[in-house]
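[1] build the 3D model from these lines:
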Amino acid sequence: MAKVIMIQGTMSGAGKSLLTAGLCRIFREDGYRVAPFKSQNMALNSFITKEGLEMGRAQAVQAMAAGREPSVHMNPILLKPTSDTGSQVIVNGEVQGTMSAREYFAYKKSLIPQILEAYRKLAADSDIIVVEGAGSPAEINLKQNDIVNMGLAELLDAPVLLAGDIDRGGVFAQLYGTVALLEEKEQERIKGLIINKFRGDVSILEPGIAMLEERTGKPVLGTVPMLSVDIEEEDSLSERLEQAPRPEDLDIAVIRFPRISNYTDLAPLEYQKGVSVRYVKRPEELGIPDLVILPGSKNTMADLAWFRESGLEARVLKLQQKGTPLLGICGGYQMMGEEIRDPEGVEEGGRIRGMGLLPLMTIFRGEKTRTRVEGKLEPLSGLFAPLSGCRFEGYEIHMGETVPSRACRDGLHCLAQAGRHSLGYEKDGVLGTYLHGFFDSGELTDALLSLLAKRKGVERRNTGVSDFRTYQEMQYRKLAKGLREALDMDAVYRILEKGER
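    Here you go, the predicted structure:
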């Protein structure tokens, strides 16, 4: 069976996901079969495995860092918030239903057998498992029946490294306070502390580190700098959503829906030189971009209502009438049609008028489409004609079926077929698709940006990277190098071997 080590944090956003990915890559580089594991993840960014099962995107990213095919065993429970008080509950890749926070709190203990079975299957084919916690282990109101922090560490008999975020300030209080709030047996599980996201001269921290070690009785295994790596984060705290626009050649505006999901679809555009990707939530922020993207949404009907009420929809429609290209993905694609119906109450119930850009209608059903797809785009027309024949590879995760709403389909072009249904349609400079990972193909992304540059009359800049997967590999190597330089890896290996420093 595999050896195990667990990364916990003093809060959400302390950097657990990135540290886990980095350790997975280091252990892989050192010749071990390594896998990530997170018993329960709450996120709107999800991924579809080869088997058609749904898991957290963060664990898929960590699996790629580890050189492993993503598996639901790495994330047996995924919670996808549908409102401020409820989430869709996904267990072993399958939807179990929607629960309120109180309902799930009472239900979660029954999931321990599934968690342990998933871990056993993963450990049987691994040398090392890097486990990631969630939030903070010191959330004392949630400690009863904990299945993701110290409760899980006890179930797995895992030594713990506790990380704090110094960039937000108060890291010594974070680390000391977290340790102090834990029970004695839980404190004993913490074998080392990590100060994360540091900027400046590490020597300045030395007096504070010495006092922290004395008061907690725990060694500080390293001070990790604010690493300049471009690796996908958890959706709720991603800094990229708050980035200011850059004065670049091509301006891409992404509508930031309140329930935006799988915004990591846009990551391949963000590493491109000469391209500014900015997230817009107010009409005055929109401007006159070269492309508007409507991304995915966990609640399409509610986000469409917000889009309309905010005044952004009217602004986008005016841009489209003047020739600005529009691209919709998943929920954004559904909004582009004439109507969305929800007879079974999957989201809001009832029906809502769409944007009327494509002659399509979406009907929500209780069944979720989850599948990996690949192929080539069919011949397209007009503005998007240069995308014809481009290869694609990605996945679908959506409720509902979208079909042409009337007999007249003049100018409507199917992007590609996935079994019996279409992956999307294009007409008059408006393109909608269910395909997540649409921009992961270097060929397709290059064709899109080239047509935008030609339309604007500017030169495309060479990124020096052939495709997004090559770029990701470069970032994983950079992350591993940064962590090796910052952490006492000899101590980490001793903790792995003995469970102590």
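[2] and Phe468, how far from Asn196?
    As judged by CB to CB, to the nearest Å, Phe468 and Asn196 stand 26 Å apart. From N, CA and C alone the C-beta is placed, and that goes for glycine too.
[3] return the set of buried residues in stretch 439-450.
    439-442, 444-449 (16 or more other CB atoms under 10 Å).
[4] same check, this time on stretch 216-225
    For stretch 216-225, a neighbour-count test (16+ other CB under 10 Å) marks 216, 218-225 as buried.
[5] picking up where we left off before, any chance of a markdown table for the buried residues of stretch 439-450, columns pLDDT and distance to Asp249?
    Formatted as a markdown table, the buried residues of stretch 439-450 follow (pLDDT from 0 to 100; distance: CB to CB, whole Å):
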| residue | pLDDT | distance to Asp249 |
| --- | --- | --- |
| Phe439 | 88 | 17 |
| Asp440 | 84 | 22 |
| Ser441 | 77 | 22 |
| Gly442 | 80 | 19 |
| Leu444 | 90 | 19 |
| Thr445 | 90 | 15 |
| Asp446 | 89 | 15 |
| Ala447 | 92 | 17 |
| Leu448 | 93 | 14 |
| Leu449 | 93 | 10 |
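[6] from the residues you listed, pick the one nearest Thr324.
    Leu448 (14.1 Å; CB to CB).
[7] the closest residue to the closest one other than its chain neighbours: neighbour count?
    Leaving aside its sequence neighbours, Leu448 sits nearest to Leu387 (CB to CB, 6 or more residues apart in numbering; 6.4 Å). For Leu387, the count of nearby residues is 21 (other CB atoms under 10 Å).
[8] and the pLDDT for Leu387?
    Leu387 carries a pLDDT value of 94.
[9] that one and His436: what is the separation?
    17 Å.
[10] just send the buried residues of stretch 439-450 back as a markdown table, with distance to Met6 and secondary structure too.
    What follows is these, written out as a markdown table (distance: CB to CB, whole Å; DSSP: H, G, I helix; E, B strand; the rest coil):
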| residue | distance to Met6 | secondary structure |
| --- | --- | --- |
| Phe439 | 34 | coil |
| Asp440 | 31 | coil |
| Ser441 | 36 | coil |
| Gly442 | 36 | helix |
| Leu444 | 39 | helix |
| Thr445 | 37 | helix |
| Asp446 | 41 | helix |
| Ala447 | 44 | helix |
| Leu448 | 41 | helix |
| Leu449 | 41 | helix |
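[11] neighbour count: Phe468 and Asn196, which is higher?
    Per other CB under 10 Å, whichever of Phe468 and Asn196 has more neighbours is Asn196, with 26 against 21.
[12] hang on, the earlier thing: which among the buried residues of stretch 439-450 gets closest to Ala314?
    Of these, the one sitting nearest to Ala314 (CB to CB) turns out to be Leu448, at 25.7 Å.
[13] by residue count, what's the longest strand in the protein?
    If you go by DSSP state E, the chain has its longest strand at strand 360-376.
[14] export it as CSV, just CAs?
    This file holds the C-alpha atoms of strand 360-376, laid out as CSV (Å, rounded to 0.1, in the frame of the first residue of the first chain):
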residue,chain,number,x,y,z
LEU,A,360,-32.4,26.8,-30.7
MET,A,361,-34.4,25.6,-27.7
THR,A,362,-33.0,24.0,-24.6
ILE,A,363,-35.1,21.6,-22.4
PHE,A,364,-33.7,20.6,-19.0
ARG,A,365,-34.1,17.0,-17.9
GLY,A,366,-33.0,15.3,-14.8
GLU,A,367,-30.3,13.3,-16.5
LYS,A,368,-26.8,14.9,-16.8
THR,A,369,-24.7,14.5,-20.0
ARG,A,370,-21.1,13.5,-19.1
THR,A,371,-18.8,12.4,-21.9
ARG,A,372,-15.4,12.9,-23.5
VAL,A,373,-15.4,13.8,-27.1
GLU,A,374,-12.9,14.5,-29.9
GLY,A,375,-13.0,15.1,-33.6
LYS,A,376,-12.9,17.8,-36.3
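[15] quick check: next helix or strand after it?
    With elements assigned by DSSP states H and E, the helix or strand that comes after strand 360-376 is strand 391-404.
[16] what mean pLDDT does the helix or strand following that next one have?
    Next helix or strand after strand 391-404 toward the C-terminus (DSSP H and E): strand 413-414. For strand 413-414, mean pLDDT is 90.
[17] for strand 413-414, packing partners?
    Other helices and strands packing on strand 413-414, by 3 or more CB pairs under 8 Å, 6 or more residues apart in numbering; DSSP states H and E, are strand 424-427.
[18] check which helices and strands the strand it packs on sits against.
    Using 3+ CB pairs under 8 Å, 6+ apart, strand 424-427 sits against strand 413-414, strand 430-433.
[19] tell me the contacts of Gly177?
    10, 138 (CB atoms under 8 Å, 6 or more residues apart in numbering).
[20] secondary structure element for it?
    With DSSP H and E as the criterion, Gly177 is inside helix 171-181.
[21] before we move on, back to that, from the buried residues of stretch 216-225, which ones fall inside strands?
    Going by DSSP E, the strands hold 220-225 from those.
[22] of the buried residues of stretch 439-450, closest to Phe27?
    Using CB to CB, the buried residues of stretch 439-450 come closest to Phe27 at Asp440, 25.6 Å.
[23] circling back to that earlier point, tabulate the helices and strands packed on strand 424-427 in CSV, adding columns for distance to Glu94 and mean neighbour count.
    Listed next are these as CSV, based on distance: least, CB to CB, whole Å; neighbours: other CB atoms under 10 Å:
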stretch, distance to Glu94, mean neighbour count
strand 413-414, 29, 18
strand 430-433, 25, 26
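[24] and of those strands, who's closest to Ala314?
    Here strand 430-433 is closest among these (CB to CB), at 16.0 Å.
[25] where exactly do the strands run in the stretch 1-150 of the chain?
    Taking DSSP state E, counting those that start in this stretch as the test, the strands found in the stretch 1-150 of the chain are 3-9, 34-37, 40-42, 46-48, 54-56, 77-81, 86-91, 94-100, 128-132.
[26] for the ones you listed, which one sits closest to Leu360?
    strand 46-48 (22.7 Å).
[27] and the closest one, what does it pack against?
    Checked by 3+ CB pairs under 8 Å, 6+ apart, strand 46-48 has strand 54-56, helix 57-65, strand 360-376, strand 391-404 packed alongside it.
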